[in-house]
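Participant: turn this into a structure:
(chains A, B, C and D)
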Protein chains: 4
Amino acid sequence: MPPVGLLTESPEYAELPWAKLSGFQVSGWDIAGNAHRAAEDLARVGVLPRDLVDLCGDLRDRLELSMAPGIPDRLDVELAQEASRDRALLKPAQAVEALRQDIRQWQRESNLRRAAVVHLATAERCKSLSDAWQDEAADPLELLQEQSQEISLGLLYGIAAVAEGLPFINFTPAVGPGVPALQGMARRKGVPLLGNDGKTGETLMKSVLAPMFRDRALRVMAWQGYNMLGNKDGAALVEPERRTEKLANKDAVIQNVLGDAPIHTKVGIDFVPSLHDWKTAWDFIHFEGFLGARMSLQFTWQGSDSALAAPLVLDLARIALLAQDRGHAGPLTAAAPFFKNPIGTQEADFHRQMTALRSWLAG
Amino acid sequence: MPPVGLLTESPEYAELPWAKLSGFQVSGWDIAGNAHRAAEDLARVGVLPRDLVDLCGDLRDRLELSMAPGIPDRLDVELAQEASRDRALLKPAQAVEALRQDIRQWQRESNLRRAAVVHLATAERCKSLSDAWQDEAADPLELLQEQSQEISLGLLYGIAAVAEGLPFINFTPAVGPGVPALQGMARRKGVPLLGNDGKTGETLMKSVLAPMFRDRALRVMAWQGYNMLGNKDGAALVEPERRTEKLANKDAVIQNVLGDAPIHTKVGIDFVPSLHDWKTAWDFIHFEGFLGARMSLQFTWQGSDSALAAPLVLDLARIALLAQDRGHAGPLTAAAPFFKNPIGTQEADFHRQMTALRSWLAG
Amino acid sequence: MPPVGLLTESPEYAELPWAKLSGFQVSGWDIAGNAHRAAEDLARVGVLPRDLVDLCGDLRDRLELSMAPGIPDRLDVELAQEASRDRALLKPAQAVEALRQDIRQWQRESNLRRAAVVHLATAERCKSLSDAWQDEAADPLELLQEQSQEISLGLLYGIAAVAEGLPFINFTPAVGPGVPALQGMARRKGVPLLGNDGKTGETLMKSVLAPMFRDRALRVMAWQGYNMLGNKDGAALVEPERRTEKLANKDAVIQNVLGDAPIHTKVGIDFVPSLHDWKTAWDFIHFEGFLGARMSLQFTWQGSDSALAAPLVLDLARIALLAQDRGHAGPLTAAAPFFKNPIGTQEADFHRQMTALRSWLAG
Amino acid sequence: MPPVGLLTESPEYAELPWAKLSGFQVSGWDIAGNAHRAAEDLARVGVLPRDLVDLCGDLRDRLELSMAPGIPDRLDVELAQEASRDRALLKPAQAVEALRQDIRQWQRESNLRRAAVVHLATAERCKSLSDAWQDEAADPLELLQEQSQEISLGLLYGIAAVAEGLPFINFTPAVGPGVPALQGMARRKGVPLLGNDGKTGETLMKSVLAPMFRDRALRVMAWQGYNMLGNKDGAALVEPERRTEKLANKDAVIQNVLGDAPIHTKVGIDFVPSLHDWKTAWDFIHFEGFLGARMSLQFTWQGSDSALAAPLVLDLARIALLAQDRGHAGPLTAAAPFFKNPIGTQEADFHRQMTALRSWLAG
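Facilitator: Numbering: from 1, shown residues only, chains lettered A, B, ... in the order given. This is a model prediction of the structure:
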């Protein structure tokens, strides 16, 4: 595996005590029960070379054997595989218990020394949390007892991970590591929390380009961003309930970097099935310069959603484990460059985020 | 005048003892003798509002009265106004003496307390310098005595500025402040030197975007940049002799930021008369991500060459004067974010350049 | 006035007996009462040269004097000038009578030999029509007697024009010339009808490009079109009720040209105030070629809404008058190249539309 | 094989007596001796699905067995396979004789009833032709006797094809079917000639879009076209001698369609190895509309060079055979839509070319 795309493989950080990639083992929860098809699909649309997929057939078969059923949203039960459907019936506290047992079994079976949990599901429907969750001192396991089913599914995985002492990385727009009660639990258990919402494409570009306008004192009048996506994430985001938080994360960057003056912004995501995994975004930035001159910048980003996300997940797992080794507990703001909506900081400037990460890594 | 485009007017730097813009006086050397037409031209192509141009008629008339003839390249004598043609006949040492007298007269006439010289001419033809200029201890005024006419014209302005104790800012690709003999003279005279080659558009974008690829460990395979320009600078760059250095400056950024692996790059500049001042650039970046996935980014930058450059010139004049106040002599590397080919540093990452500038401004 | 943008000024059609542009007189109905500001606004955003606007001051003043109040939608009464508010209270039949009197007065005052009415209003809210209007034999003036206020305003202007024997050109998405009862009236009165919905930018591109895919047998899988507009039309289109018909017209072209296979299409219009009159559209076309190769085309169109529409209006007025001279009554399908949703034909291929127009012009 | 990309498979032309694709047999001349690697290369860069390439292994092996050595340019002898090197030593008349024997052998071996020769080589270096070739009555076989080696290689294949009574299709910029002596021979032998220079991407777009500007009477001020290509054709076009004719063909379209007024145009082709077969072009069109408003259109075309060309070759072979069946001899202007520089016509408007083709097909 060539190290392209992995920050933690850069010569600059070669001396750090990273977990070895060759020793990585991947297990997970799957709702639809078709994880084995994912690599084939990516080869079919030209993301992965067919040879590589064939080469990794054994790996895939082993992965398949160790998968556990995920917890589907009750509205999606009919889309789930049979094993997952049963889990939709569990009460939240029971679901967390089931997830913890899965984790313990994976650790036992594969004789794992260390582990981290990454939440990678499709954007879930927004669900509100009761005020009790805003209290760092509250115990999530107790709060769950009184909780109806209507709770963020991502949070259940987070609680299970922290309860088992594993770092939790939220790569989705869901609330997860931003919830004070989970943060308190993580601090008490010595567990790092990383999130939210992986920054892989258009939003990465925003967090890189907006600082340029700030640093040249150019006035951004409008920033229109149009995203197209053809995979299952794209299909799910057709639902406004799922889309809201993701769009808010994508949009907030501009205002965060460029400050008080009102900027006309828009972020759209459209489902374009033929694109499959090839995420395509067009952004148009209209800005004013000296003496009122009106200028524009536009860009088109064409990337593979999977190929952009996968190495970040590996980087984050290694960073999370390093943080735990260093005794870090609770939100890790140093991981901000990887997220659209980083917990524990308002800094949306990618370069300032990288400066903070570098300083933490130098540590 | 609204402060859009001026970094030195940002609230962040409001406390610094900047020279007041309201007290600025502009004089200069003009070769073609048509500076008065420039603002009309910009209004005609929609860069400046007509009203503003009319409003500033008095200013322009006063400017016209105080202009001195510039020194044309001998190959361009027929393009020059009559007064400039005589200066083409001067030996280098005589030319510098004439420029120094112009400076002293402007200072006297306008009762100026402080001043800075900015070199803003169209890219000049490359000229080689003898080895004697590589010696910091050499005195440029003496070197000029033995110099034939074939010397960089930009350097003559630089020597005149430094000899008069004025900061010199080189906004063109010419050698200027990078010449050791001039640097030595500036150090001895207590004069800051800033340059080279203003970074206003496509190269600014490169220095902003290349760090993103580095920080995500994505492998840039090709970076093709196509520039179109319709003003006199664009017309002059049709000559390969004038173009070489500018293209090298625009191209070097990518390799500087992205390091050792060879990257296929290209920078072209084409003269497209109908665009006039509206510089348009299209860049195509082909990059490899995880497991060999091949992706691309493309951007189109449409900006007014004049509106982008003008505020940088004001910012640089203020920064140069501040540096002189602080006792800085010789190359000012803190000014790197403003230049394509900053003197005194190999750092091409715009954000690291800004970090250094901020730190210098903070004093 | 240079003839750029006017098809009817092409050397190819120089021999046709066009109405002379120098003899054109413009009058009209205005709801907001600020028509005099329009040219100033266009100069301010760089569409029209300031000098030209100044030059035409007299013309504008004369225009202002001859304007009559328009008929506002009742929901917009508060946006109308005082004179227009009264007209909102008129019953449909009374409104048409008022419009006819305006037309007669303009003809008298200016001693006009010929005239045509062009409907250029902002997209109006969709309104349904009773079945009676589907009958060519019905008399619109009688139908109006029984009509409540809730009727397409564009239709009222059309009825007034036809009743006065003037050609009617519908440059908006409104129903107008597509209504059978109006068509029947036009046939009986010897009046040409032209429409619907001027084709000036993105839809023009679609009707030009879609035939290329058809004629190369390439399979268009997705055609995503994103439009941004900053003028009053853009602001109005924020209302879904106004947007529906326009989007349908913009979208239908692709399926009409490319035929039966389902194509994933999307047309969006966003209001981006800073763009003002500078309509900007980005289209992304994803297509399949030989043996399943997946390719793409994207374009960005940046045009002035007014500068694109104005010459079409002049062309259409001349064509309408020529048609009337030739004795044409009812829908003029030869005018199809000018419209998004041409009446009387399903042909959406711009080039086939042009072939038909050329053949009609040749007589 | 799905019919995507094949005009001759459209339902519209289903009734025509096309040669059956299932009966097609492909043989050919190969200089480098690596034709068998081409499909693998296309699979590797994501143009062709791996499965399809595997499926067609037998086909490829059979193709390999029937290949004959091509005639290399003497300057490229070292790039050729051994068998081809010998052919570089042949005199032109001998070379044609060798090619004719190859043709006869293929016909014999495969028991072919009909055949056509398509010239698909990389752009060759420009070579001048003596005046004798301008004479339709001259016999190419005789002219060759007095000809030194320095003659267009494409012409040799054309002469061999015509001498054997086979239609000749020139898909390259070389002179081929445009040479009067070859045209005369073709007329005498009853053989159709089709060419020159396949129109697959950017030039296709030009011939589709330029008519829009003409038909809206918009004044194109500048049309800048930048092409990037990474395959062997792209590598060869780095040589100015090979590039000249191709660029001229790509450029001529605009002026041909838009007529007399001078337009600032540029066409560049750059070799970008990482793109391999994925031809990427960016065009910027600057145009003037009504009252001097300046607007722009830009497009990015991203296509597979092979997938775009291959179906045209099949279409052309079928059209050539149909033409021969219909008794057509000499240049076939009806094939113009397929070529950058169609022989026998100045018509560069794609849609008018298609109208002519449709009319010819209708017979």
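
Participant: make sure residue A:102 is indeed in a strand.
Facilitator: No. Counting by DSSP: H, G, I helix; E, B strand; the rest coil, residue A:102 is not part of a strand but helix.

Participant: in contact with residue A:246, which residues are there?
Facilitator: A:123, A:173, A:197, A:237, A:269, A:340 (CB atoms under 8 Å, 6 or more residues apart in numbering or on different chains). All C-beta spots, glycine's among them, are computed from the backbone N, C-alpha and C.

Participant: can you tell me which of the residues you listed are in strands?
Facilitator: residue A:269 (DSSP state E).

Participant: nearest to residue B:4 among the contacts of residue A:246?
Facilitator: For these, the residue nearest residue B:4 by CB to CB is residue A:340; the value is 28.5 Å.

Participant: assign residue A:115 to helix, strand or coil.
Facilitator: Using three-state DSSP, the structure places residue A:115 in coil.

Participant: name the SS class of the closest residue in space to it that isn't next to it in sequence, please.
Facilitator: Nearest residue to residue A:115, sequence neighbours excluded (CB to CB, 6 or more residues apart in numbering or on different chains): residue A:166, at 5.1 Å. Look at residue A:166: counting by three-state DSSP, its state is coil.

Participant: distance of residue A:166 from residue B:212?
Facilitator: 31 Å (CB to CB, to the nearest Å).

Participant: residue contacts, the residue nearest to residue A:115?
Facilitator: So residue A:166 contacts A:103, A:115-117, A:191 (CB under 8 Å, 6+ apart).

Participant: which of those residues sits closest to chain D?
Facilitator: Closest approach between the contacts of residue A:166 and chain D, by CB to the nearest CB: residue A:116, at 32.6 Å.

Participant: against residue C:221, how distant is the closest residue to chain D within the stretch 251-363 of chain A?
Facilitator: Nearest residue of the stretch 251-363 of chain A to chain D, counting by CB to the nearest CB: residue A:300, 7.1 Å away. Distance of residue A:300 to residue C:221, computed by CB to CB: 18 Å.

Participant: next: residue A:344.
Facilitator: In terms of CB to CB, residue A:344 sits 43 Å off from residue C:221.

Participant: higher neighbour count, these two?
Facilitator: For residue A:344 and residue C:221, the more surrounded residue by other CB atoms under 10 Å in any protein chain shown is residue C:221, and the numbers stand at 21 against 17.

Participant: what number of residues lie near the closest residue to the more buried one other than its chain neighbours?
Facilitator: Nearest non-adjacent residue to residue C:221, counting by CB to CB, 6+ apart: residue A:274, 3.7 Å away. The local packing of residue A:274 (other CB under 10 Å) involves 19 other residues.

Participant: hang on, residue A:274 packs against residue C:262?
Facilitator: No. Using CB atoms under 8 Å as the test, residue A:274 is too far from residue C:262 to be in contact (11.3 Å).

Participant: so who does the residue of the stretch 251-363 of chain A at minimum distance from chain C touch?
Facilitator: With CB to the nearest CB, the shortest gap between the stretch 251-363 of chain A and chain C falls at residue A:274, namely 3.7 Å. Shown in contact with residue A:274 (CB under 8 Å, 6+ apart): A:230, C:221-222, C:264, C:286, C:288, C:294.

Participant: mind redoing it with 7 Å?
Facilitator: A:230, C:221-222, C:264, C:286 (CB atoms under 7 Å, 6 or more residues apart in numbering or on different chains).

Participant: now do it against residue C:330, distance only.
Facilitator: In terms of CB to CB, residue A:274 sits 42 Å off from residue C:330.

Participant: name the nearest of the contacts of residue A:166 relative to chain B.
Facilitator: Nearest to chain B among these, with distances taken as CB to the nearest CB, is residue A:116, at 18.6 Å.

Participant: okay but that closest one is in contact with residue A:319, surely?
Facilitator: No. Using CB atoms under 7 Å, residue A:116 is not in contact with residue A:319; the gap is 9.4 Å.

Participant: out of those two, which sits in the busier spot?
Facilitator: residue A:319 (29 against 22).

Participant: surely the more buried one meets residue A:336?
Facilitator: No. Contact status for residue A:319 versus residue A:336: not in contact, 11.2 Å apart, counting by CB under 7 Å.

Participant: ok and the residue in the stretch 51-200 of chain A nearest chain C?
Facilitator: residue A:53 (17.5 Å).

Participant: and the next element down the chain from the strand or helix carrying that residue?
Facilitator: Assigned by DSSP states H and E, residue A:53 belongs to helix A:50-55. For helix A:50-55, the following helix or strand on the C-terminal side (DSSP H and E) is helix A:57-66.

Participant: going along the chain, name the strands of the stretch 251-363 of chain A.
Facilitator: Under the criterion DSSP state E, counting those that start in this stretch, the stretch 251-363 of chain A contains strands at A:264-271, A:278-288, A:294-304, A:330-331.

Participant: which elements pack onto the shortest one?
Facilitator: Counting contacts by 3 or more CB pairs under 7 Å, 6 or more residues apart in numbering or on different chains; DSSP states H and E, strand A:330-331 packs against helix A:180-189.

Participant: can you mark which positions in the helix it packs on are buried?
Facilitator: A:181-187 (16 or more other CB atoms under 10 Å in any protein chain shown).

Participant: re earlier: near chain D at all, the helix holding residue A:53?
Facilitator: Yes. Using CB under 7 Å from any CB of the partner chain, helix A:50-55 reaches chain D at residue A:50.

Participant: ok, and for that helix, which residues are buried?
Facilitator: Result for helix A:50-55 [16+ other CB under 10 Å]: buried residues A:50, A:53.

Participant: and it, anywhere near chain B?
Facilitator: Yes. Judged by CB under 7 Å from any CB, helix A:50-55 and chain B are in contact via residue A:52.

Participant: off-centre distance for that helix?
Facilitator: For helix A:50-55, the separation from the chain centroid amounts to 26 Å (computed by CA atoms, centre = their mean, to the nearest Å).

Participant: just the CA trace of that helix, in PDB.
Facilitator: What follows is helix A:50-55 as a C-alpha-only set of coordinates in PDB (Å, rounded to 0.1, in the frame of the first residue of the first chain):
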ATOM      1  CA  ARG A  50      -9.500  -4.100 -10.400                       C
ATOM      2  CA  ASP A  51      -6.300  -6.000  -9.700                       C
ATOM      3  CA  LEU A  52      -6.100  -4.500  -6.200                       C
ATOM      4  CA  VAL A  53      -9.600  -5.600  -5.500                       C
ATOM      5  CA  ASP A  54      -8.900  -9.100  -6.600                       C
ATOM      6  CA  LEU A  55      -5.700  -9.100  -4.600                       C
END
